[in-house]
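Student: What follows is a predicted structure for the sequence shown.
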Amino acid sequence: MFEYLARSACRRPWLVIAFWLILVGLVLPLVPDIDGPLKVGGFSSDESEGARATQILEEELDFSSSQLAIIFASDTLKASDSSFLEQVDASLNEINRLDFVDDVITPSFDPTLIASSGRLAYAVVGLGVPVEEAQAEARAVQEALIEQPDLDVLVAGGPSFYADVEVASQRDLQRAEFIAFPVALIALIIVFGSLVAAAVPLLVGSAGVAVALLGLYWTAHIADMSIFVLNLTTMLGLGLAVDYSLFVTSRYREELARRGGDVDESVVTAMSTAGRAVFFSGLSVLVGLSGLSLFNLMFLRSVGIAGVIVVAISTSAALTLLPAILKIIGPRINALPMGRLARRHATEQVTTGFWYRLAKRVEQRPGLVTAGVLVILVLLGSPFLRANISSPDATMLPEDLPSRQGYDLLASEFSGGEISPYIILIQSTGDMRSPESLQVIDSIGSTLVNDERIDHVQSVLTVPGAPADATPEQRLQLRERAEQLGIDTRLDSLLGDGTAMILAYPVAPANSEQNKQLLTELRSWDAGEGYTVMVAGGTAEIVDVVNVIYSEFPLVALAIVATTFVILTMLFRSLVLPLKAIIMNTMSILAAYGALVWIFQDGHLHEFLGFTPQGYVEASLPVIVFCVLFGLSMDYEVFLLSRIQEEWLRTGDNDEAVALGLERSGRIISSAALIVVVVTASFVTADVVIVKALGLCIALAVAIDATIVRALLVPATMKLLGHWNWWMPGWMNRVLPRINVGE
């Protein structure tokens, strides 16, 4: 197949290039609106208790889970002054007329919306659209606010947060692309010593990214896709396409020198060896990323779908577009040499260079090297033992965006959970207005009011100005009288025929451990026969999402590992090498996990990297890091072991095969890893912490994998195992299909 692809590209190179140019041309008109069909959010599951409770509240009480916090502050007025509150009402005058607005709760009606310091107050605007689809409505509310002479206004809350995520993601992508392309070109010039040879992988990589974006745009019209897939597409698409092109181009240059400038045969040989390895390496990465599509969360599922698209197109570009370009360039691949770099590459030894000598030194003390590397990897991964897995909040955004500023203001002036309360649903088989039902509401509310973990509570029975000794029935009557007088007390939003809602605002932020403990207590509350209690809200969503992800993660990881094991077993005709490769890949991933905790949870280097310490590890990151890195690490394993296997089959000498295999592939693997590190590290400049963390972890893990793992741990363990590296039961060797990899 690979020889056929190569010869076809050599026969009609311009036709192949024209095909890719057409695909790239199709994406150009879409660039301004490439993120149009993509969605924000996707971090929640419809199957969780919180989601079910929210759905019931929406159906029974017209509850709006999509709420904006309009924050008002003044340099001249106190928030409790009548003139301040009048200007707040005047500012909101046009909001109620918007079709998508369900209700507006002002500090004039609800004094708990006024900060005790008197420096600010806020109003709550309920929107009639899901929170993850309300970015446009958040902007419309902002535009509908009427400017007041003494007030400064800031819009925060869920819809504003997601609108800012969209803005920050676009900004991150542009910045990363601006950094990644020129730095990748410099790295390729260092690798090849020739400007033309360096430009070829970057050209193929750019085409691959463009076509992948086109595929994502079309896919997003069929299935929900997260806006974060744009960052992943550039990060992985550019890195992989350039990597694969680098492998093939390097082998092409070798063959061109060996064959006296025979372009066609050099292309065919490069594709039959390096191209074949690219295919199976791409397959290993695709297997890892496809695991994400098995999750029941839109965010992870869309990242998995995008990963499959990106890897498939990157591999296709390396197997079709690249040989066509090499055919046209021909011997000019070495044109525009870069001085000393070109001379260095021209005089490199292919049998007894640096990597050969390194392998031989490692083989002299394999036990010591193995133990030392394992200790280093374990130490790097040890911080993950204290990982606090949670879901993102506004602190994942930079401080210059309004939703982040609003979050910080409310957390400092009110309680940490002011914009993420517990939403407690109480259902009754009888009348919720009966004395027994009101007593249940009052019992839960009173328990929460007296809990030191709760700042304040709102329910149908919390009536401002009501006597302290008033019964639940009397407090309900006071609220009903106020409604009759034309005052909107949110009665219908808090109490229905068989449903009631209590809002409990915690002291600490939603992802704190004490809030998670309180959630467990609330969900185990026994309200008596005929009553059901369910809990939604900020903390509930965090716990539910973590439970959904990590109930599915073991099965997904097992499927990825098992599939990879089968592929490697067929490739290398060994049971030992695939098992060892999986263990070493896992060690590299654990080191990346340790970095997640040490840097992003604990906050080390936060000033240098430019983010707010999270205090937690975002729940989806370990999953994405595992799937991406398992594929990428196996990618380099395939290239290294395939060269070692070539030498083993030729010589039957395990030690010499390892040294020669590392010598023939070490520089190119290190160069390929350098490209991935450069591309992914460019996303460390991102404003969104999830993107920053993903870029840093991939760059760090690939750097570790391509240095101490591939250069030290692989030759050391292969020396220790000797001939056992190639062991496979005879019956299995006869049964399994044979796949010949020649790189």
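Tutor: Done, it's in. Numbering: from 1, shown residues only.
Student: Wait, a helix at residue 125?
Tutor: No - read with DSSP: H, G, I helix; E, B strand; the rest coil, residue 125 is strand and lies in no helix.
Student: Is it correct that it is in contact with residue 91?
Tutor: No - contact criterion C-beta atoms under 8 Å: residue 125 and residue 91 do not qualify, at 11.5 Å. The C-beta positions use only the backbone N, C-alpha and C, and glycine is treated the same way.
Student: The two: who's more crowded?
Tutor: residue 125 (29 against 20; other C-beta atoms under 10 Å).
Student: who does that one bridge with?
Tutor: residue 68, residue 104 (DSSP bridges).
Student: Which pLDDT value goes with it?
Tutor: Listed pLDDT for residue 125 reads 90.
Student: What segments of the stretch 251-400 of the chain are strands?
Tutor: 389-390 (DSSP state E, counting those that start in this stretch).
Student: so where's it uncertain?
Tutor: By pLDDT under 70, the low-scoring segments of the stretch 251-400 of the chain are 337-352.
Student: show me where it has helices.
Tutor: Along the stretch 251-400 of the chain, the stretches classed as helices by DSSP state H, counting those that start in this stretch are 263-270, 276-290, 298-316, 322-329, 340-346, 354-364, 366-381.
Student: what packs against the longest one?
Tutor: Where contact means 3 or more C-beta pairs under 8 Å, 6 or more residues apart in numbering; DSSP states H and E, helix 298-316 is packed against helix 195-220, helix 229-258, helix 276-290, helix 620-651.
Student: Is residue 523 in contact with residue 533, as I believe?
Tutor: Yes - counting by C-beta under 8 Å, residue 533 is a contact partner of residue 523 at 7.4 Å.
Student: More neighbours: the two, which one.
Tutor: Counting neighbours by other C-beta under 10 Å for residue 523 and for residue 533 shows that residue 533 has the greater number, 19 against 15.
Student: mind listing what residue 118 touches?
Tutor: Contacts for residue 118 (C-beta atoms under 8 Å, 6 or more residues apart in numbering) come out as 78, 79, 80.
Student: With residue 116 as the reference, measure out to the last one.
Tutor: Separation of residue 80 from residue 116 (C-beta to C-beta, to the nearest Å): 10 Å.
Student: what's residue 537 sitting at in phi/psi?
Tutor: The phi/psi pair for residue 537 (degrees, to the nearest 10) reads phi 110, psi -170.
Student: bridging residues for the nearest residue to it once chain neighbours are set aside?
Tutor: Nearest non-adjacent residue to residue 537, counting by C-beta to C-beta, 6 or more residues apart in numbering: residue 423, 4.1 Å away. On the basis of DSSP bridges, residue 423 is bridged to residue 503, residue 536.
Student: which residues touch residue 423?
Tutor: Contacts of residue 423 by C-beta under 8 Å, 6+ apart are 50, 53, 54, 57, 63, 501, 502, 503, 535, 536, 537, 540.
Student: Turn the residues you listed into a markdown table, including distance to residue 729, neighbour count and pLDDT.
Tutor: Below are the contacts of residue 423 laid out as a markdown table (distance: C-beta to C-beta, whole Å; neighbours: other C-beta atoms under 10 Å; pLDDT from 0 to 100):
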| residue | distance to residue 729 | neighbour count | pLDDT |
| --- | --- | --- | --- |
| 50 | 50 | 27 | 88 |
| 53 | 54 | 23 | 92 |
| 54 | 55 | 25 | 88 |
| 57 | 60 | 23 | 89 |
| 63 | 62 | 25 | 84 |
| 501 | 63 | 24 | 94 |
| 502 | 64 | 24 | 94 |
| 503 | 64 | 18 | 92 |
| 535 | 54 | 24 | 94 |
| 536 | 54 | 26 | 93 |
| 537 | 56 | 25 | 89 |
| 540 | 51 | 27 | 91 |
